[in-house]
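Asks: here's a sequence, model it:
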Amino acid sequence: MREVLAEHGASIRRLCRGYERIGSLREELEQEILLQIWRGLERFRGDASLRTFVLRVAHNVAATHAGKEVRQPRGEDDGLALEAAGPCLENAAERRQQLARLEAAVRQLRVRDRQLVLLHLEGLSHAEIGAVTGESRTNISTRLSRLRAELSATVQGASR
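Replies: Model prediction:
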């Protein structure tokens, strides 16, 4: 499990950030994902890459998490802290605001769309995304193109 964490821990954390904006809930989601990966490792047969297996489990757990209807009221986003300093502060602040708008826009997507965007942002090829989601490369390509345009319009519209 240590090897899985070392190799895929950052991807899992980014995925959790894409599904959950509240730090404590993000941590709960990450723990649930890690638990399910740990439970599933004994059944891993190597039919796909370990990366694909880990991300499939992670996205299935995150989709279940996102689909829960009964939730406690949400607080403010606690995940964005301004870390930059010095003469580039304005540019850093602007980039952080843009990132915050993008993260918020991604969180507003339907779970299936959010899954595609997050896997794409992790750098997975369309074939790898298909292995995780079970969708065809053509469908993935079409949907990602539409989603990029939608997110771009949302982020640019929010900045005005």
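Asks: by mean pLDDT, point me to the weakest helix or strand of the protein.
Replies: Within the chain, confidence by mean pLDDT, DSSP states H and E is lowest for helix 89-108 among all helices and strands, at a mean of 79.
Asks: which parts of that one are buried?
Replies: If you call a residue buried by 16 or more other CB atoms under 10 Å, then helix 89-108 has these buried ones: 100-103, 105-106. (Glycine included, C-beta is placed from N, CA and C.)
Asks: just put those residues in TSV and tack on distance to Arg148.
Replies: Listed next are the buried residues of helix 89-108 as TSV, based on distance: CB to CB, whole Å:
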residue	distance to Arg148
Ala100	18
Arg101	15
Leu102	11
Glu103	15
Ala105	11
Val106	11
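Asks: tell me the one of these nearest Gly9?
Replies: Of all the buried residues of helix 89-108, the one with the least separation from Gly9 (CB to CB) is Glu103, at 19.2 Å.
Asks: neighbouring contacts of the helix ranked longest in the chain?
Replies: The longest helix of the chain (DSSP state H) is helix 137-158. Residues outside helix 137-158 that contact it (CB atoms under 8 Å, 6 or more residues apart in numbering) are 98, 101-102, 104-106, 108-109, 113, 116-117, 120, 126-127, 129-130, 133, 135.
Asks: angle of that helix against helix 89-108?
Replies: For helix 137-158 and helix 89-108, the angle between their directions (axes from the mean of the first three to the mean of the last three CA atoms, to 10 degrees) works out to 130 degrees.
Asks: okay, helix 137-158 in PDB with CA atoms only?
Replies: What follows is helix 137-158 as a C-alpha-only set of coordinates in PDB (Å, rounded to 0.1, in the frame of the first residue of the first chain):
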ATOM      1  CA  ARG A 137     -12.500   7.000 -26.900                       C
ATOM      2  CA  THR A 138     -14.800   8.800 -29.400                       C
ATOM      3  CA  ASN A 139     -17.400   9.500 -26.700                       C
ATOM      4  CA  ILE A 140     -14.700  10.700 -24.300                       C
ATOM      5  CA  SER A 141     -13.100  13.000 -26.900                       C
ATOM      6  CA  THR A 142     -16.500  14.500 -27.800                       C
ATOM      7  CA  ARG A 143     -17.500  15.000 -24.200                       C
ATOM      8  CA  LEU A 144     -14.200  16.500 -23.100                       C
ATOM      9  CA  SER A 145     -14.300  19.000 -26.000                       C
ATOM     10  CA  ARG A 146     -17.700  20.100 -24.900                       C
ATOM     11  CA  LEU A 147     -16.700  20.200 -21.200                       C
ATOM     12  CA  ARG A 148     -13.600  22.300 -21.900                       C
ATOM     13  CA  ALA A 149     -15.700  24.900 -23.800                       C
ATOM     14  CA  GLU A 150     -18.300  24.800 -21.000                       C
ATOM     15  CA  LEU A 151     -15.700  25.300 -18.200                       C
ATOM     16  CA  SER A 152     -13.900  28.000 -20.100                       C
ATOM     17  CA  ALA A 153     -17.100  30.000 -20.600                       C
ATOM     18  CA  THR A 154     -18.000  29.500 -16.900                       C
ATOM     19  CA  VAL A 155     -14.600  30.500 -15.600                       C
ATOM     20  CA  GLN A 156     -14.300  33.500 -18.000                       C
ATOM     21  CA  GLY A 157     -17.900  34.600 -17.200                       C
ATOM     22  CA  ALA A 158     -17.200  34.400 -13.500                       C
END
